[in-house]
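K.L.:
What follows is a predicted protein model with its sequence.
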Amino acid sequence: MLISSCQLLQTIGTPGATSSLFPDGYNRLIHGDCLEVMRGLPGESFDVIYIDPPFFTGVERRLQQSQQRGPSYSDTWDEGSQEYLDWLEVRLAEMRRLLQPQGALFVHLDWHAVHYVKVMLDRLFGMSCFQNEFIWYYSGGGASKTRFARKHDTILYYTRSATEWKFYADRMRTPHKWTRGQKRADGSERDYEKGKLADDVWQHHALLPWASESLGYPTQKPEALLERLLLAVSDEGDVIGDFFCGSGTTAAVAQQLGRRWLTTDASRPAICLTAERLAEQLAPGCIKYTAQRSRARATERYEQIVADTERVGLDAETLAACGLAITTGTGCVIERLVDNAPGGIM
């Protein structure tokens, strides 16, 4: 069954089980404006939605050390904060509609706008559906002599329901700092084998440029962050959504964990980069030099994507290599939202 308002471009791997969201059995990577995509999707389709939208930084994000033409994406707003908040609010309202009754939403932001978005989400979801202000603290450069260094992002965690949701605390346990001699406040012995329940502050370095998973994409998040969040609130087979996919971290981690996924981005280079990342995951070896990427190599690859302005998804050489490789897991379909198409996406 073809999707009326999407043009199917490429498929990678083998299809999985079909459903209303995955009529052909493929996980879905869609090039298009997320609002138009979401408006065409059936309600209550997703178990978890994670988004890493623009942060209201007022800058255009480019690939590090690259002279590519144009920004990777623009985070500038001519009319200021109200324009940004209006733009985001209509999209967050659609995400609430798309969540299952026990579903969870994570909105990843930083100091620029997170407090305004928190108030907005309280209004959209209800204050009783707020679960956590999850702090990701990362050490490293960026020290300041004029203020306390800004060294954390905030992830707002809401549930669709105020009374019932999934959360697997035991999956997130961490080793105790002390393994002997310290008792609980009530005097009972600690279970050191089981570990400490996780709290809402997580210390983990930001993605290093020389990390093997680094694609050179600005604002790329580490896979460990998404793994931590998805393991806490979802089961194998659950459906994960990300409507600002960027370099594709959410889809890549969902694929690794055996979750179904649908992800979108309005940026053509982001779609191409995500397609390559997923192709390497589904058909290992199809991309010649992804293993142990260096910053220079990632930059070179990304500039090739930017220069090939007609390309959406994989280049012909990589797509041919995918067809020859042994594939694992549920594959994905790469689609493009067609302007002014009749009907919805489903």
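P.N.:
Ah, there it is.
K.L.:
where in the stretch 151-300 of the chain is pLDDT low?
P.N.:
178-181, 289-296 (pLDDT under 70).
K.L.:
what sits against Cys332?
P.N.:
11-13, 26-29, 251, 261, 278, 282 (C-beta atoms under 8 Å, 6 or more residues apart in numbering). The C-beta positions use only the backbone N, C-alpha and C, and glycine is treated the same way.
K.L.:
and it, backbone torsions?
P.N.:
Backbone torsions of Cys332, given as degrees, to the nearest 10, read phi -130, psi 160.
K.L.:
So the closest residue to Gly216 other than its chain neighbours, which state does it fall into?
P.N.:
Nearest residue to Gly216, sequence neighbours excluded (C-beta to C-beta, 6 or more residues apart in numbering): Ala298, at 3.2 Å. Under DSSP: H, G, I helix; E, B strand; the rest coil, the three-state class of Ala298 is helix.
K.L.:
Now restrict the contacts of Cys332 to buried residues only.
P.N.:
Buried residues within the contacts of Cys332, defined by neighbour count using 16 or more other C-beta atoms under 10 Å: 11-13, 26-29, 251, 261, 278, 282.
K.L.:
Of the contacts of Cys332, which belong to strands?
P.N.:
11-12, 27-29, 261 (DSSP state E).
K.L.:
Any chance of CSV for the residues you listed, columns distance to Arg123?
P.N.:
Conversion of the ones in strands among the contacts of Cys332 to CSV gives the following (distance: C-beta to C-beta, whole Å):
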residue, distance to Arg123
Thr11, 40
Ile12, 40
Asn27, 32
Arg28, 30
Leu29, 32
Trp261, 28
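K.L.:
May I ask which two of these are separated the most?
P.N.:
The span of the ones in strands among the contacts of Cys332, defined through C-beta to C-beta, is set by Thr11 and Trp261 at 14.9 Å.
K.L.:
what comes into contact with stretch 77-84?
P.N.:
54, 56, 58, 87, 113, 116.
K.L.:
Pull out the buried members of these.
P.N.:
54, 56, 113, 116.
K.L.:
Need the worst-confidence member of those.
P.N.:
Checking pLDDT across the buried ones among the contacts of stretch 77-84, the minimum falls on Phe56 at 83.
K.L.:
A strand includes it, no?
P.N.:
No. Phe56: not assigned to a strand; according to three-state DSSP it is coil.
K.L.:
Just list the residues touching it, thanks.
P.N.:
75, 77, 81, 84, 112-113.
K.L.:
what's the answer for Glu223, then?
P.N.:
With contacts defined as C-beta under 8 Å, 6+ apart, Glu223 is in contact with 213, 249, 252-253, 256.
K.L.:
Most neighbours among those, which one?
P.N.:
Thr249 (27 neighbours; other C-beta atoms under 10 Å).
K.L.:
Double-check that one against Tyr217; I have them as touching.
P.N.:
No. Thr249 sits out of contact with Tyr217 when judged by C-beta atoms under 8 Å, with a separation of 9.2 Å.
K.L.:
any idea how far the residue nearest to Gly216 is from Asn132?
P.N.:
Going from Ala298 to Asn132 by C-beta to C-beta, to the nearest Å gives 33 Å.
K.L.:
Columns distance to Ser144 on top of the buried ones among the contacts of Cys332, output as JSON lines?
P.N.:
Converted to JSON lines, the buried ones among the contacts of Cys332 look like this (distance: C-beta to C-beta, whole Å):
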{"residue": "Thr11", "distance to Ser144": "48"}
{"residue": "Ile12", "distance to Ser144": "44"}
{"residue": "Gly13", "distance to Ser144": "46"}
{"residue": "Tyr26", "distance to Ser144": "47"}
{"residue": "Asn27", "distance to Ser144": "42"}
{"residue": "Arg28", "distance to Ser144": "42"}
{"residue": "Leu29", "distance to Ser144": "38"}
{"residue": "Ala251", "distance to Ser144": "35"}
{"residue": "Trp261", "distance to Ser144": "38"}
{"residue": "Leu278", "distance to Ser144": "38"}
{"residue": "Leu282", "distance to Ser144": "43"}
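K.L.:
I'd like to know which of those residues is nearest to Thr159.
P.N.:
Taking the buried ones among the contacts of Cys332 together and measuring to Thr159 by C-beta to C-beta, the closest member is Trp261, at 19.5 Å.
K.L.:
Where do the helices of the stretch 151-300 of the chain begin and end?
P.N.:
Per DSSP state H, counting those that start in this stretch, the stretch 151-300 of the chain carries helices over the ranges 223-233, 249-256, 268-282, 295-307.
K.L.:
is it possible to export the contacts of Glu223 to JSON lines including distance to Tyr50?
P.N.:
Converted to JSON lines, these look like this (distance: C-beta to C-beta, whole Å):
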{"residue": "Glu213", "distance to Tyr50": "17"}
{"residue": "Thr249", "distance to Tyr50": "9"}
{"residue": "Ala252", "distance to Tyr50": "12"}
{"residue": "Val253", "distance to Tyr50": "9"}
{"residue": "Gln256", "distance to Tyr50": "15"}
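K.L.:
ok, of these, which one's closest to Cys322?
P.N.:
Nearest member of the contacts of Glu223 to Cys322, counting by C-beta to C-beta, is Ala252, at 15.6 Å.
K.L.:
and which of the contacts of stretch 77-84 is nearest Lys151?
P.N.:
Ala113 (17.8 Å).
K.L.:
For that closest one, list the residues it contacts.
P.N.:
55-56, 81, 84-85.
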